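S.K.: Need a 3D model of the sequence below.
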Amino acid sequence: MTGPLPRLLTAATLARTADAGAAVVIVLAAVREYGSPALGSLALAAMLVPHVLAGPFVGLVTDRARRPRLVHAGFAALFAAALGGTLLALGRAPIGVVLVLALIAGCCGPMIFGGLSSRLDDVVAEPGRARARGLDAATYNVAEIAGPAVGAALVAALGVPWAAVASTVACLAAAVLLLSVGGRPGQRPPTRFTDDLRDGFRAIVVSRPLRAVTAATCVASFGLGMLTPVAVLLGTRAGHAAGGGLLVTALGAGALAGSLLVARRPVRSAPHRVALACLVAGGVVLAAVPFVAGWPLLVGLFAVAGFFDGPLLAAVLHVRSAEAPPHTRTQVFTLGAGLKLTAASLGAAMFTLFAGAPVAVLAAALAASQVAAAALGALLLVPARAGRRVPPAGTRTGQPPETSGSRPL
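M.R.: Residues are numbered from 1 along each chain as shown. Take a look at the predicted model:
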């Protein structure tokens, strides 16, 4: 394996697959040890909550580091220990210990997702970044497809301890690979931590494309939080007891195909427009779900809807990279990833309040959430009002402010 990009992508795939598989293993372990998934769900919640809280701080540690690869590798190793410890502690240690380990793993989560994606700019020159973002998006898709399947298979064949070992080994291998990923070291002068933290939040608010894409993807993720239970209900309605898993897999397979296509043939349009267009397209496809009776056609619709997620994610990564100030880039990535994951968790919780509604209504709400997300993003792209504007920070009076429209996106 030559070159920093293949090593970075391989490390990201290993760590993200381990994370995706752990969610299934935790629930299965709780059922085996306690006879109920309740404590497993509690441990999962403990892993999810820190993402949005720890994201800015985790990203900022990397942004301020002179050797970012050491920070990334350290977080991957800590993630390995905490994740493996969580799986092994279920049923063998007090629940408080399990939750502490899950919280530690959750604090590392933003680095495994947004943080590793932010490294692309350090290891890939500009001509190849569009292709690299498509490949990075594909690592998320591979993890979503393979992680749960591999985790469940390991538990069924070898038991929870071996599944825990496999997750730990995968994350440790990722840490070793990250140690070999070079890139540009940090060279900026020292600044106050609180100032940099403020700048990261401000970047998302000030940049119209970044603000629009962040808000839109959060709303879309909130809707997608109900995707799995809706898919299960659709499968049951169609007479396929395990059909929900197939629909989710079809969505992931479609997303992988979309990511690989974008990696091969990058879209040349402005990335924030690509992201919003993909949200609309995916929502329109999902809007047909309540009216489809044939099972093969339903599976196909989910695959087509998933296809648009590939260019969507690649475009979101592009917007974050182009719009984030260099000294807060990783922070913007980790904060954006944490917000999306938190929104999805809230959406899943909200589903429980409406679980008794007709499945057609729930599917329609899922589709509507994607279109509404695009509408919100489009609204946020519109300037507040014509006329005199306050120049953004860093722009001297008398100089035209740099806007996203003047950048090659």
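S.K.: Average pLDDT for stretch 347-361, rounded please.
M.R.: For stretch 347-361, the mean per-residue pLDDT is 85.
S.K.: Can you get me the start-to-end distance on that stretch?
M.R.: Stretch 347-361 has its terminal residues 15 Å apart, counting by C-alpha to C-alpha, to the nearest Å.
S.K.: Show me which residues of stretch 340-349 are buried.
M.R.: Residues of stretch 340-349 classed as buried: K340, L341, T342, A343, A344, S345, G347, A348 (neighbour count, 16 or more other C-beta atoms under 10 Å). Placement of C-beta: from N, CA and C, glycine included.
S.K.: Show me what that stretch is in contact with.
M.R.: 45, 48-49, 51-52, 109, 113, 217-219, 221-226, 228-229, 369 (C-beta atoms under 8 Å, 6 or more residues apart in numbering).
S.K.: Show me those residues that map onto strands.
M.R.: With strands defined by DSSP state E, no entry of those lies inside them.
S.K.: Filter those residues down to the buried ones and hand me the PyMOL line.
M.R.: Buried residues within those, by 16+ other C-beta under 10 Å, are selected in PyMOL with:
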select buried, resi 48+49+51+52+109+113+217+218+219+221+222+223+224+225+226+228+229+369
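S.K.: Show me the contacts of stretch 340-349 that map onto helices.
M.R.: 45, 48, 51-52, 109, 217-219, 221-224, 228-229, 369 (DSSP state H).
S.K.: Can you tell me which of those comes closest to R67?
M.R.: Distance to R67, by C-beta to C-beta, is smallest for G109 among the ones in helices among the contacts of stretch 340-349, at 21.9 Å.
S.K.: Contact partners for that closest one?
M.R.: D19, M47, L48, P50, H51, A54, F79, G338, L341.
S.K.: Surely A281 is in contact with G306?
M.R.: No - counting by C-beta atoms under 8 Å, G306 is not a contact partner of A281; they are 11.2 Å apart.
S.K.: Have a look at these two and say which one is more surrounded.
M.R.: Higher neighbour count among A281 and G306: G306, with 26 against 19, using other C-beta atoms under 10 Å.
S.K.: Name the nearest residue to the more buried one, ignoring sequence neighbours.
M.R.: G254 (2.9 Å; C-beta to C-beta, 6 or more residues apart in numbering).
S.K.: Need the max-distance pair from the ones in helices among the contacts of stretch 340-349.
M.R.: Taking C-beta to C-beta, the two most distant members of the ones in helices among the contacts of stretch 340-349 are G109 and S369; they sit 23.5 Å apart.
S.K.: Strands of this protein, residue ranges please.
M.R.: For the chain, strands defined by DSSP E do not occur.
S.K.: So which residue is dead centre in it?
M.R.: A337 (5.2 Å; C-alpha atoms, centre = their mean).
S.K.: Contact partners for the residue nearest to G306?
M.R.: Here G254 is in contact with F302, A303, V304, A305, G306, F307, D309, G310 (C-beta under 8 Å, 6+ apart).
S.K.: cool, and T228?
M.R.: So T228 contacts G244, V248, A348 (C-beta under 8 Å, 6+ apart).
S.K.: Also A367?
M.R.: A367 touches G283, V284, V285, L286, A287, V289, counting by C-beta under 8 Å, 6+ apart.
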